[in-house]
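S.K.: Sharing a model prediction with you, sequence too.
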Amino acid sequence: MEYRIATISGDGIGPEIVREAKKVLDKVGQKYGHNFNYEEVLMGGISIDTYGVPLTDEALETAKKSDAVLLGAVGGNVGNSRWYDVAPNLRPEAGLLAIRKGLNLFANIRPAYLYNDLAGACPLKQEIIGDGFDMVIVRELTGGLYFGERHTETVNGVEQATDTLVYSEKEIRRVAIKAFEIAMKRKKKVTSVDKANVLDSSRLWRKVVAEVAKDYPEVTLENMLVDNCAMQLVMNPRQFDVILTENMFGDILSDEASMITGSIGMLSSASLNESKFGLYEPSHGSAPDIAGKDIANPIATILSAAMMLRFSFDLDKEADAIEDAVRKVLAEGYRTVDIMDEDKKQVGTTEMGNLICDRI
Ligand code: NAD
Ligand code: IPM
Ligand code: MN
């Protein structure tokens with residue numbers, strides 16, 4: 001089969017990790033007889049430097065016409081880059097928000113899974129890790145604080161800034177349905193995370209999620225406040241199966257969840273709409289501090305490519321082949337520096353990609 005993939009390498013380590021993911025996809029294509037055709041699209045800082053905006057209409061159109069999108073990361077050193085002191089819609093991250101909204105990618109799926117062989121890279125004690133944990137964060141991606149009205153003004157000589165958090169019943173219902181559908185294929189537990197002791201939007205969230213839960217009697221629904229969830233993730237991560245939450249809480253909790261899998265360089269993600277279309281990207285950012293050094297961990301991006309094969313193309317055995325290859329490389333003791341441990345073999349970005357390819 002032929003597949004059209006729009007690739008967005010982006011900024012910082014983006015080009016290095018996307019290159020490795022493409023290499024792995026090409027190996028899968030060779031072995032299983034598929035053709036992955038890539039079209040590179042500019043987004044983020046590189047698009048600002050080239051076209052003056054973080055995402056052009058043409059770039060969005062190319063993404064729309066593709067079968068799926070593979071993204072590295074966008075953005076510079078926040079607070080200290082030429083892309084920082086500009087209007088909100090001209091920042092690199094605005095390109096990412098625009099493509100998520102433009103493609104209606106309201107459900108962001110972020111699996112946090114501890115590979116047995118990475119227990120040494122997990123900062124939690126062995127008694128907490130037990131025989132490992134395996135959870136999925138379902139993060140709402142096109143609503144909430146990220147997309148509310150925002151402005152900065154001066155009132156009576158004092159500068160003030162406003163960000164608004166809006167959620168509609170419809171936005172909550174569709175992402176809740178995704179979470180329950182995912183839970184049905186797993187351990188059948190949804191933990192819905194909110195701040196219903198303070199926020200109106202969280203109260204509506206809790207009400208709508210409870211309504212959706214009625215259609216899934218086999219799934220256990222638990223509600224948890226976000227501050228408690230942040231604590232429970234390090235105290236007892238094994239209690240979680242599917243965590244369902246709004247945009248900002250999901251952003252923060254998924255970085256926390258990534259670290260207990262060993263590193264943010266391990267956490268893949270899929271951003272989905274109602275159809276089979278998706279944008280696949282690691283959960284981490286452009287890591288400007290390590291860009292260009294061939295030390296970034298490409299595994300989150302490679303596992304995101306595996307999610308693309310599974311979700312958008314229904315290529316399950318091909319996705320399994322990538323995941324098995326990652327497992328083998330880790331079992332053989334190869335590590336990028338972020339997951340490095342005593343007596344392991346340290347490799348760079350390119351070598352990690354090659355090792356994974358060789359095992360497919
Ligand atoms: P970051 O995720 O880029 O980096 C945080 C820390 O994790 C850094 O120390 C970095 O070196 C490390 N790290 C990240 N990915 C790694 C990998 N694959 N291998 C090894 N180490 C890795 O977050 P940040 O520093 O807060 O943000 C940097 C830029 O990235 C900002 O401009 C931010 O807006 C942007 N960002 C983009 C995305 C995206 O495009 N999806 C996501 C998050 C942040
Ligand atoms: C992520 C990132 C983005 C987000 C930023 C870069 C806008 O942190 O994908 O997790 O907050 O969604
Ligand atoms: Mn984030």
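M.R.: Thanks, I have the structure now. Numbers count the residues shown, from 1 in each chain. Ligands and ions are numbered 1, 2, ... in the order given.
S.K.: Just after the longest helix along the chain, pick out the following helix or strand.
M.R.: Longest helix in the chain by number of residues (criterion: DSSP state H): helix 14-32. Proceeding N to C from helix 14-32, the next assigned helix or strand is strand 35-40, under DSSP states H and E.
S.K.: got the CA coordinates for the helix or strand just after that following strand in PDB?
M.R.: Using DSSP H and E, the helix or strand that follows strand 35-40 in sequence is helix 45-51. The C-alpha trace of helix 45-51 is given here as PDB (Å, rounded to 0.1, in the frame of the first residue of the first chain):
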ATOM      1  CA  GLY A  45      10.300  28.700  14.400                       C
ATOM      2  CA  ILE A  46      11.600  27.400  11.100                       C
ATOM      3  CA  SER A  47       8.300  28.500   9.400                       C
ATOM      4  CA  ILE A  48       8.500  31.900  11.100                       C
ATOM      5  CA  ASP A  49      12.000  32.400   9.800                       C
ATOM      6  CA  THR A  50      11.000  31.300   6.300                       C
ATOM      7  CA  TYR A  51       7.500  32.800   5.900                       C
END
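S.K.: In the following helix or strand past helix 45-51, which residues are buried?
M.R.: Going down the chain from helix 45-51, the next helix or strand is helix 57-65, by DSSP H and E. By neighbour count on 16 or more other CB atoms under 10 Å, the buried set for helix 57-65 is A59, L60, T62, A63. For glycine as for every other residue, the C-beta is placed from the backbone atoms N, C-alpha and C.
S.K.: Intersect these with the contacts of ligand 1.
M.R.: Counting by CB under 6 Å from any ligand atom, nothing from the buried residues of helix 57-65 sits close to ligand 1.
S.K.: Could you export those as TSV, including distance to V212?
M.R.: Listed next are the buried residues of helix 57-65 as TSV, based on distance: CB to CB, whole Å:
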residue	distance to V212
A59	35
L60	31
T62	35
A63	29
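S.K.: what bridges to T162?
M.R.: Beta-bridge partners for T162, by DSSP bridges, are H151.
S.K.: Tell me, how many residues neighbour it?
M.R.: A count of nearby residues for T162, using other CB atoms under 10 Å, gives 10.
S.K.: Report the separation between it and ligand 2.
M.R.: 19 Å (CB to the nearest ligand atom, to the nearest Å).
S.K.: Over to R4?
M.R.: Distance from R4 to ligand 2, by CB to the nearest ligand atom: 24 Å.
S.K.: That residue touches K64, doesn't it?
M.R.: No. With contact defined as CB atoms under 8 Å, R4 and K64 do not form a contacting pair (11.1 Å).
S.K.: Do a quick rundown of the helices in the stretch 101-250 of the chain.
M.R.: 126-129, 169-184, 200-213, 226-235, 247-260 (DSSP state H, counting those that start in this stretch).
S.K.: what's near enough to touch the residue in the stretch 201-350 of the chain positioned nearest to ligand 1?
M.R.: Proximity to ligand 1, evaluated over the stretch 201-350 of the chain using CB to the nearest ligand atom, is greatest for G285 at 2.3 Å. Contacts for G285 (CB atoms under 8 Å, 6 or more residues apart in numbering) come out as G12, A73, V74, G75.
S.K.: one more time with 6 Å, if that's ok
M.R.: Neighbour list for G285: A73, G75 [criterion: CB atoms under 6 Å, 6 or more residues apart in numbering].
S.K.: what's the burial count for the closest residue to ligand 1 within the stretch 101-250 of the chain?
M.R.: Residue nearest to ligand 1 within the stretch 101-250 of the chain: N108 (10.1 Å; CB to the nearest ligand atom). Neighbour count for N108, taken as other CB under 10 Å: 26.
S.K.: Any idea what it is bridged to?
M.R.: Beta-bridge pairing for N108 (DSSP bridges): R139, S271.
S.K.: In this structure it contacts S271, no?
M.R.: Yes. Taking contacts as CB atoms under 6 Å, N108 lies within contact range of S271: 4.8 Å.
S.K.: Show me the common contact partners of these two, please.
M.R.: Both N108 and S271 are contacted by L141, under the criterion CB under 6 Å, 6+ apart.
S.K.: quick check: longest strand of the chain.
M.R.: strand 2-10 (DSSP state E).
S.K.: N77 is in contact with D289, isn't it?
M.R.: No. The criterion here is CB under 6 Å, and N77 misses it with D289 at 7.8 Å.
S.K.: what about these two, which has more around it?
M.R.: N77 (14 against 9).
S.K.: confidence score at the residue of the chain most remote from its centre?
M.R.: For the chain, the largest distance from the centre (CA atoms, centre = their mean) belongs to N156, which lies 41.7 Å off. N156 carries a pLDDT value of 97.
S.K.: State the number of residues packed around N236.
M.R.: Neighbours of N236 (other CB under 10 Å): 13.
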